[in-house]
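**Q** just a sequence and a predicted model for now, questions to come.
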Amino acid sequence: QVHLVESGGGLVQAGGSLRLSCVASGRTFSSLAMGWFRQAPGKEREFVAAINWSGGSTWYADTVKGRFTISRDNAKNTSYLQMNSLKPEDTALYYCAAVVSYYSGWAPAEYDYWGQGTQVTVSS
């Protein structure tokens, strides 16, 4: 069983930055591919970014490409999502997700473990 805890959300003005963190426990972190998703009120959960087990491969939703950066520190059992140039449409509950695999993709169904989420609110 993998336990994920997100932190770092908050209220920020448009154009600002936030860094989300996701700490994993219960399994060797380097055995996990990690992803970040978000869900706004009344909308489906959507893919934001993913990173492979080593951190050598990353991929992003088109809506965040060039603004967000996903990374990981296997020594600290932590995945990060650096969010820059935030827009009001980035407002959502952000979730960290994990799967026991070298790589993962964009579909929520690919992930076996989820955190409780951290709220990000961007004011205009």
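**A** Looks like it arrived, so ask away. Residues are numbered from 1 along each chain as shown.

**Q** buried sites along the helix or strand harbouring residue 11?
**A** Using DSSP states H and E, residue 11 falls within strand 10-13. Neighbour counts over strand 10-13 (16 or more other CB atoms under 10 Å) mark residue 12 as buried. To be clear about C-beta, it is placed using only N, CA and C from the backbone, and glycine gets the same treatment.

**Q** run a quick neighbour tally on the nearest residue to residue 35 once chain neighbours are set aside.
**A** Excluding the flanking residues, the one nearest residue 35 by CB to CB, 6 or more residues apart in numbering is residue 50, at 4.1 Å. When neighbours are defined as other CB atoms under 10 Å, residue 50 has 25 of them.

**Q** how near is residue 50 to residue 121?
**A** For residue 50, the distance to residue 121 (CB to CB, to the nearest Å) stands at 24 Å.

**Q** cool, residue 65 as well?
**A** Separation of residue 65 from residue 121 (CB to CB): 22 Å.

**Q** look at these two and report which has more neighbours.
**A** Taking other CB under 10 Å, residue 65 and residue 121 do not tie; residue 121 has more neighbours (15 against 10).

**Q** in which helix or strand does the residue nearest to residue 35 reside?
**A** Going by DSSP H and E, residue 50 is part of strand 46-51.

**Q** okay, which residue is most central for the protein?
**A** residue 36 (2.4 Å; CA atoms, centre = their mean).
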